[in-house]
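# Quick check, what structure comes out for this input:
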Amino acid sequence: MQLEERVKVLVGKDYEGINKVVLAFSGGLDTSVIAAMFKDMGIEVVTMTLEIGQQEDMGAVDRKAKKLGTKHYGMDVREEFVNEYISRAIKTNCMYQGTYPNATALSRPLIAKYLVEVAKNEGAQAVAHGSTGKGNDQIRIDNGVAALSDLKVIAPVRDWELWRDEEIDYAKRTGLDVNVSKKKPYSFDQNMWGRSMECGPIEYPDHEIPADAYEWTVAPEKAPDKPTIVDITFESGLPVSVEANGETTNGLIKVIEMLNKLAGENGVGRIDHLEDRVIGFKSREGYESPAALVIIPAHKDLEKYVLSKDEISVKWYLDKIYADLVYEGKWYSPVRKEIDMFMEESQRFVSGTVKMKLFKGSATVVSRKSTNALYSMDMASYDKGTTWSQKEGGAFTKIYGLQNVAAYKKRYLKK
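The predicted model follows:
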């Protein structure tokens, strides 16, 4: 039984009353097949693509949509993505399991928002996306749409049990324009904050990620033999300018674009991650996030320079919670907004400049300066004539350890 015949049997009466659907469209294999199959069912398809800095030819995506015969919305939302999503990720040092900058995850609540807006504008009864039944995106988009509307959500790859091999066969049989083959069956997703790579040989953890899967970064061993030095200036927790090679770049979008380029050229940004998916299994994922792997370490270092110990302790705890919330599709949750309020207050003081060295796959902090620094040479220096004498440390040490010393003696040194 061919794919389209099997799907008709699966769908049955599930779509009664649905005559128009808005599809989040990338122009790739899954969404091209989905759009064509909806049309075969007699359902009008409206496609929607967001420009979020994915470094792709958006005109080509528009042309693919028109070739499929859909009404298409192509919207440039880079400013919103940076100001409302990436900026919050920077302030929270948002790294899932300490490794993945949540690039794909950050874009999903934005996609959900615009799916709802376009559906309301078009009078559609449902929205659709290309997420699989094993992935996290189904959770992120489904729950985002549910929080913002009462629209039906259709995930055909999941709901129709589509598999990549049969999608490729369907595309060839029906003449769909998709740039994928069984020899190179990768699935990519990207925006300005990062690029994800999965499927095919990437799924084998005991093999190195194939070189042809990477696009944004050079292999560290092939990077220049001379390091690149960058000065990143932060204001209220966000990078506002970067200086490198005698040139200064201003504005968050431009800073991210510049650091993606410079870091990528120096082999910085590759991530090979065995992560715990929300749905309950481990997955081997490949990522490229050059700018994120420079900005977040720089930001975190500046925080250590200007925030108090207690602020850092609380913030690092909330950073982890925030990264988990984003990854797990809980953007539209009260606690995420409440954590944002804490971040806004603490980040008021995170201003200064951090110097980073980019060299053969590493991004290393080499110095930092800030007028808000809590570091004091008078307190920290071992030189004579500073804030207090060495003798004063003895009294502090005695009082500081009183309770623990007494407890240890009483419990463990009994004769």
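# can you tell me how far the residue nearest the centre of the chain sits from G394?
Centroid-nearest residue in the chain: A103, 1.4 Å away (criterion: CA atoms, centre = their mean). A103 sits at a distance of 51 Å from G394 (criterion: CB to CB, to the nearest Å). C-beta coordinates here come from the backbone N, C-alpha and C atoms, glycine included.
# Determine how far stretch 70-89 lies from the middle of the whole chain.
Per CA atoms, centre = their mean, to the nearest Å, the displacement of stretch 70-89 from the mean C-alpha position of its chain is 13 Å.
# Quick check: mean pLDDT of it?
Across stretch 70-89, the average pLDDT comes to 97.
# Repeat that for stretch 207-222.
Average pLDDT, stretch 207-222: 96.
# would you put the C-alpha positions of it in PDB?
The C-alpha trace of stretch 207-222 is given here as PDB (Å, rounded to 0.1, in the frame of the first residue of the first chain):
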ATOM      1  CA  HIS A 207      30.500   7.100  15.400                       C
ATOM      2  CA  GLU A 208      31.900  10.600  14.900                       C
ATOM      3  CA  ILE A 209      29.400  13.000  13.400                       C
ATOM      4  CA  PRO A 210      30.100  13.000   9.600                       C
ATOM      5  CA  ALA A 211      32.100  16.100   8.400                       C
ATOM      6  CA  ASP A 212      29.400  16.800   5.700                       C
ATOM      7  CA  ALA A 213      26.800  17.500   8.400                       C
ATOM      8  CA  TYR A 214      28.600  20.700   9.500                       C
ATOM      9  CA  GLU A 215      28.100  24.000   7.700                       C
ATOM     10  CA  TRP A 216      28.700  26.800  10.200                       C
ATOM     11  CA  THR A 217      32.100  25.700  11.600                       C
ATOM     12  CA  VAL A 218      35.400  24.500  10.400                       C
ATOM     13  CA  ALA A 219      37.000  21.400  12.000                       C
ATOM     14  CA  PRO A 220      39.100  22.700  15.000                       C
ATOM     15  CA  GLU A 221      42.300  21.100  13.500                       C
ATOM     16  CA  LYS A 222      41.800  23.100  10.300                       C
END
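# what comes up buried for that stretch?
Within stretch 207-222, the residues scored as buried using 16 or more other CB atoms under 10 Å are 209, 213-214, 216-218.
# Beta-bridge partners for F188, please?
Beta-bridge partners of F188, counted by DSSP bridges, are M197.
# Residues contacting whichever helix or strand R411 is part of, please?
R411 belongs to helix 402-412 when assigned by DSSP states H and E. By CB atoms under 8 Å, 6 or more residues apart in numbering, the list of residues contacting helix 402-412 from outside is empty.
# Which parts of the protein are strands?
20-24, 44-51, 71-76, 126-128, 152-154, 187-191, 194-198, 228-235, 238-244, 247-250, 270-276, 282-288, 352-359, 362-369 (DSSP state E).
# coming back round to it: mean confidence score for the helix holding R411?
Helix 402-412 comes out at a mean pLDDT of 93.
# One more: stretch 11-26?
Stretch 11-26 comes out with an average pLDDT of 87.
# what do you get for stretch 245-256?
Rounded to a whole number, the mean pLDDT of stretch 245-256 is 97.
# and the end-to-end length of that stretch?
Using CA to CA, to the nearest Å, one end of stretch 245-256 lies 16 Å from the other.
# neighbours around L238, how many?
L238 is flanked by 21 other residues according to other CB atoms under 10 Å.
# Enumerate every residue touching it.
By CB under 8 Å, 6+ apart, the contact list for L238 reads 87, 90-91, 252, 347.
# Could you list the low-pLDDT ranges of the chain?
The model of the chain has pLDDT under 70 over residues 1, 9-10, 12-13, 179-185, 380-386, 415.
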